[in-house]
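1. missing the sequence, but the structure's below:
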């Protein structure tokens, strides 16, 4: 039941075609979120530059293509995460605007180039192996209308590399810090800046890294108070949360 | 907003005091579950012999007493789980009907002695140390209006003890099987009967029992297909689920 | 030793061909469950619409086919879980009645279409990735003679989707709730209904989902009291337990 | 070496009292962060309404009092986390402004009542046992100059309780969601709003909650994309991150 | 139903007082293990020098005393594990034969001093902290009628200590090896002898010993093929299994 | 240095060719186990029917063949564990006596058919999937000169299957009990017999079986006192320990 | 058997009092490490300034005092770890030289003030809560004859604090880095110096620190190559290893 | 900014071309480690025989070749860890000096054959399966200019094998001990020598070895005080730390 249908129902009551008691009965079980305004709210969300996201993992190329095709009508950006180049090639048949991001293992379609974010989202990562996850975060933030900076390979065992970009970090409105192994980067970054740091553990590591569990636990136990954490390898989630933060204005 | 308030709103529309458009606006944000009928549904639940449950752990005697006092108006049974004899003594000042169950570490107030269950809920446990959890399950089922049988100390390392009550088990409509250590009881019981078995791991054990984790995992991996599991030491939950099952009639 | 053999033994004693003392000796070690009546009991079970179940995982197509062929004489339904289309093709040579269920990765042979269940088994799942496990549960319940409803993709992060089917859930006699990731669905569903909810964690998820362990633990810790849990990805087990519950009549 | 000392060093070179070569040698090992400007930066931070935080756990009352006394000169707010009433009584001897927050197990001294946050920080929690952690988050946010709203006891097993405050949640600029047991609250809340949600798992639970690990993992695996997580029972951290987010203006 | 009752039943059939068909009915449900001979078998076990064992942990002194009193009629030895000196003092009132073993935290009553074991049970332990568990194993074996040798404090980091008793170890028929920390003792002992080694991990250790889990896992992964393992701190179990092995004769 | 070399050294001292002081120096660092008698001891072991064991996993066929070839001179049996049929084919070129055991994934060469064991080693397993591990245990015991019985597929959820072989179990001198999933078999078997039970957890199972960890923990927590445990899937180890036990005579 | 005894044995052979064959027999079973030279080696170790170490945890004051009294004859230093002030007071009755180290929870007796170490052992720790473990490491190194420097409270979230002591760190010959929570300190320190870093995780932390496991795993996964790790809270072990390293000279 | 640039800056101040105040501003934000002397320090490090290390895992052959080519100008040794023979073949096109180490799965280029280490680095391992990790440690130590000895296959279950090389071990200045399964080797080795032992757990093992976790925990809990541990399978790290230790001279 959408707003129009609700209006008609209430009009029927006004017109005496429906008794108030019958109206109560009909309204009792209608699904609240199926009201038109909920949808409207959703549409507004999209118009504000939120991308449509398709989780590509495990989906067949033709399915992804079909979903994307139906989303194209929305004029928002489209992000397909964790997809292969094969999926991308199938997407190109749907739209020539599709791009593939090798490192982030993602495809995107840019339809709304507007910048919605107030400041800069800065994505840093510790090692070269963490780059794919960092790229996924950066891509997500870009598609959500943010200005994005990236600094890769600034692991804490060579602290000078991180300190050398300290000035850049200080300019960010929110930071995404990606690291595997001992996951120490967010703690050090958190101590260098005064803005929120979204930490992403990666599954990169040997032996006792346990698929990212070590980095995850380390980040949750960060001695820096401005760090919050998302799931292992969840670059998309970090980019998403960072974008929400960066888009907050004085009017929100 | 309850049913009466909704009726009045719709009446106002009918009477022309409110336009349909304004009605839409007012209805847009009303919380669905705050409607009167949700409450009614809840009340009906209570009238059907569901006990009011107070989780006693960590609550002060006077707080428990105050909550119980307010619940007494409902004419349903009242169960206070994981409470000390001290709490019970405080409850006795509120009502003389309060009983204390030493082994189950629970207090109860029986106001509705009616039997709602169709058949028998049979609670079995493996060792004498598991009895408190089993008693909590049995007490819960009794307060929910079920006929309950109990058979304790029938661990699988002396299988003859369990087989000797086989006939009794066969008469149950649902079984609660409680065990610590290796948690094998539900598997064997499950193989002996054709009814649902609700398994409860207990934290009883030494060394590698890891506070019940071993029994929990064993029960989840039961090779008997008719076993479902609740949390460690959760006798209340098992008694609750078993009661719901036993109360199912041909009309449900 | 079956019922007939036991009868002959006792007849021999009656006829004086065997002394009572010798009878005691012979009976001392006979396997209790090898008596004919145990078998009879088993047969009765089958006549009541319990399917024969073959766990297909790791079994060769020809072995599955041979087992199924021997089971066909029973006039009950047959379920082959976790099997490939290749196994199905082999089964088709045995019987034209065989069907394959792509999503549930299972084959079935329907020989007994009778409905044994009293009410409706409703299977819900949180995400599209959980569908195979949900389908396995639904298929199991159908083959056990239950009316089954399914509602997929009603994850809790879009709670309106779940609330929109609230009316349908309220009609079920038992619910199977399937979810991966944070495994929150059974808690919310459990709070919406008054019937038993069988929760199935799935191994779907990224990073810290640890192959379903996160969802499993979450479900065991559900704050809804009417939830019991089966093993990770164990759609069959959930469908089986739900069926047992739904088949309980006033005469059980 | 501070800014003044650096200036003098360079002046000495200008004056010919020191050769450039000798200057290089002296500068080689000076600690970069010991420069005065780093300190200045730190001071600015304090002037902006960041509270001084003392982790009270394990510290003796007299030590806490001494630390607080030295901090009073700063005109910022002071927060002492995880401290007993005994510590508070000791603090009262230092300043009459000290308050004690029973539920949050914290003491505070309000010296700067200014509001720095742009919008509202809304703290929700699932059960009554989670309230202490939620109160710690709320108190932290208040001392950091934010308008704070709290809604407690809105666990997902009674989803109507949460939905009834939906309108309030929609007004928040950032949300802190606190839950123990299955930790499902952040997922549902995350699906209801479009702002960042900081999730805090609590150690509340029985059996398989493993001191909050279950809730922690569930939150990290949330199917809502706008959720980031802090450590178990870390109400302070959540309040801190939420405050940083809410204080972001168009000028940051 | 015992042997006598079965004899009477069969006699009734022989006498024509009972039809064979009726006999079948009666026998169908009798519990197999409730037959007298099962009991007889149990009694025989006791007569052969198996001790009665009472797990003392968590039991009240008067309960232990009551159980022990009822067991005294059996002329076998009695072992009360994990009990305090207080329990022992209560036992002394029941029988003057009671002894207390401080280190093993156990009480015993020796009624059958006969040696049933063929050879020597040798109990070794790695550190002085492991002695209580080792003493429990030794005491159990002694009460089961075995000649027992003990060698304590022969940890592998001072391998010469272990090698110096190599000759003694070679004389054992079965060895119990007790160790905490890294749990390496059974591997080295296993390599020195050709008899079965029963390994007991203890909960002794610091930091990453995780209550004995480290030693447990190490022992299970022993590179010596003649090692089998019992639960953490389970000295009783190790002594029991070792005794069973040592009591095996050419006639078993 | 072997016995002969030691004799010559001492002879040189006797003959005055070597001073005692020089003898001390030479003896100081000689490897104790490199003495001839150690070897002799080893040889004696082999002559008694201990097989030579080659762990096949990860070894190339030609390497296994080379090792086996060198072992053939010993007239003891040879066991190659965890090897493929390809390895076997390579072994056949070395000796026509080589056999392959499909289920146990092992190859063997029988050179010493003598029975060294006193009684019967009985290997039982719970499910058909556990058979490979059980077969490895049985094969090991046979090659070590034991009479072996096997009973497969006697899982505890159909307890009658196990009880029907109770008489056979009672005849065993030592039992190997193999089970995956909930690992309950050793507990039930342990309760049925009075001999040592060597338990082997297998990695068979779904979801929460965690590669055998669940079965492993369950077995370690067995409520039967006569159970000791070896590593997951370690059929060889169980067969080895069981053989050692069964070979113990009155003279050991 | 010591060197003297061996000499006499060989002399007897030379003198013809013992045949070489008899000599072989006697030498066959003598424990290799019981030779005098092993002892001599041990004594030499002590003379070189290795302290005698008594693990105080769980030991009674009088036992510790007795052990220490017997050790006093050695003129080496004595360290009693993890002991209370009560133990210390008991020790003072044995020797007036005893000192107590409140923070390190240790007692010491300095008898050998000589410096054996070549350079400086520098102990750093991350937070004030880590100081006890750091003090234990420092005390151990001092008693082993090393020059020790300490720098506390240089956690990585305030990286400038650590960088400000960079020059001091550069002067160390070996570093001990102690940290709880996320355990990142050794990685950053490791990147700043070129000498070995011994990392010690502490059990300090909240929620997901799991008693030091998080810090332990983080340190093992350090991206700095010059880091090796000891057990949780094992300050003694770190001080010991660091001392061994620092005492290595060009002659070792 | 390098040393030259800093000199020029100071010269400009001396020459009056730059005011001291402006000099402060320029120096404020320059990255400390970007100073020339830091680089110089780094270069000195390289000249002293530290190899350039390329982690080969996951890198494409052409990328490894490019990196190596750029490193060749340094005249230090080059180590490529965890690389395939395919990578090596690609390296051969860059330089004929490249060698491949099959067992260590590493490639190396020797440009600096000088010995920098003071004594001997001795690498021991427990089983033949541990050899690849041991070889990686040995290779690393050799390329870092150390004299290296190796002793493989000296597992503790055949302790005589280890004791037979005791003399060799006594000659080492630092030992690397590599072991999988129960990880006991470092404890025994640690007890035999007085030098630091760097322990490396390997992922070798079956069932409950959990990919090396068992060995890792065992080594951390070693009862030998001279043991420190690196990550699972981290032969490189162990060789690196051991080399640093062995290169310490009286002048460090």
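-> That came in fine, so what should we check first? Computed from a predicted structure; not experimentally measured.
2. Can you list phi and psi of whichever residue of the stretch 101-250 of chain A sits closest to chain E for me?
-> Chain E sits closest to residue A:208 of the stretch 101-250 of chain A, with a gap of 11.3 Å, by C-beta to the nearest C-beta. (Each C-beta comes from the backbone N, C-alpha and C, glycine too.) Dihedral pair for residue A:208: phi -80, psi 20, per degrees, to the nearest 10.
3. which residue sits closest to it, ignoring its sequence neighbours?
-> residue G:220 (4.7 Å; C-beta to C-beta, 6 or more residues apart in numbering or on different chains).
4. now do residue A:83
-> The nearest residue in space to residue A:83 (C-beta to C-beta, 6+ apart) is residue A:56, at 3.2 Å.
5. Tally up the residues packed near the one you found, please.
-> 23 (other C-beta atoms under 10 Å in any protein chain shown).
6. dump the residue contacts of it.
-> A:64, A:80-84, A:87, A:106-107 (C-beta atoms under 8 Å, 6 or more residues apart in numbering or on different chains).
7. How much space separates residue A:165 from residue G:233?
-> Counting by C-beta to C-beta, to the nearest Å, the separation of residue A:165 from residue G:233 is 36 Å.
8. whoops, residue A:144 was the one
-> 45 Å.
9. same question, residue A:153
-> Distance from residue A:153 to residue G:233, by C-beta to C-beta: 34 Å.
10. okay, those two: which has more neighbours?
-> Higher neighbour count among residue A:153 and residue G:233: residue G:233, with 27 against 16, using other C-beta under 10 Å.
11. Give me the PyMOL select line for the contacts of residue A:56, limited to the buried ones.
-> Applying 16 or more other C-beta atoms under 10 Å in any protein chain shown to these, the buried members can be selected in PyMOL as follows:
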select buried, chain A and resi 64+80+81+82+83+87+106+107
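12. anything in stretch A:185-199 near chain C?
-> No - judged by C-beta under 8 Å from any C-beta of the partner chain, stretch A:185-199 stays clear of chain C, getting no closer than 12.7 Å.
13. Could I get the buried residue list for that stretch?
-> Quick answer for stretch A:185-199 (16+ other C-beta under 10 Å): A:185-199.
14. burial of whichever residue of the stretch 101-250 of chain A sits closest to chain B, as a residue count?
-> Nearest to chain B in the stretch 101-250 of chain A, going by C-beta to the nearest C-beta, is residue A:213, at a distance of 17.6 Å. By other C-beta under 10 Å, 20 other residues sit near residue A:213.
15. and residue A:69, how far is that from chain G?
-> Applying C-beta to the nearest C-beta, to the nearest Å, one obtains 43 Å for the distance of residue A:69 from chain G.
16. any idea how far the residue of chain A found nearest chain F is from chain H?
-> Among the residues of chain A, residue A:210 lies closest to chain F, at 13.6 Å counting by C-beta to the nearest C-beta. Here residue A:210 is placed at a distance of 8 Å from chain H (C-beta to the nearest C-beta).
17. ok, for that residue, nearest residue in space, not its chain neighbours?
-> Nearest one to residue A:210, counting by C-beta to C-beta, 6+ apart, is residue G:217 at 7.3 Å.
18. Doesn't that neighbour belong to a helix?
-> Yes - judged by DSSP: H, G, I helix; E, B strand; the rest coil, residue G:217 forms part of a helix.
19. Can you spell out which residues form a bridge with the residue in chain A positioned nearest to chain D?
-> For chain A and chain D, the shortest gap (C-beta to the nearest C-beta) falls at residue A:228, measuring 3.7 Å. With DSSP bridges applied, residue A:228 shows beta-bridge pairing to residue A:198.
20. That one and residue A:195 touch, don't they?
-> No - using C-beta atoms under 8 Å, residue A:228 is not in contact with residue A:195, being 11.8 Å away.
21. which stretches of the stretch 101-250 of chain A form strands?
-> A:106-109, A:120-125, A:147-151, A:174-179, A:197-201, A:227-229 (DSSP state E, counting those that start in this stretch).
22. list the helices and strands the shortest one packs on?
-> Right, the one you point to is strand A:227-229. helix A:185-192, strand A:197-201, helix A:213-220, strand D:227-229, helix D:235-247 (3 or more C-beta pairs under 8 Å, 6 or more residues apart in numbering or on different chains; DSSP states H and E).
23. Could you export those as JSON lines, including mean pLDDT?
-> JSON lines is the format used below for these (pLDDT from 0 to 100):
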{"stretch": "helix A:185-192", "mean pLDDT": "95"}
{"stretch": "strand A:197-201", "mean pLDDT": "98"}
{"stretch": "helix A:213-220", "mean pLDDT": "96"}
{"stretch": "strand D:227-229", "mean pLDDT": "98"}
{"stretch": "helix D:235-247", "mean pLDDT": "97"}
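24. Residue C:249: which of those is closest?
-> Closest to residue C:249 of these is strand D:227-229 (C-beta to C-beta; 45.0 Å).
25. how far does that closest one sit from the chain's center?
-> Strand D:227-229 sits 15 Å away from the centroid of its parent chain (C-alpha atoms, centre = their mean, to the nearest Å).
26. Write out the residues of the stretch 101-250 of chain A neighbouring chain H.
-> Residues of the stretch 101-250 of chain A lying close to chain H by C-beta under 8 Å from any C-beta are A:129, A:158-161, A:163-164, A:166-167, A:206-209.
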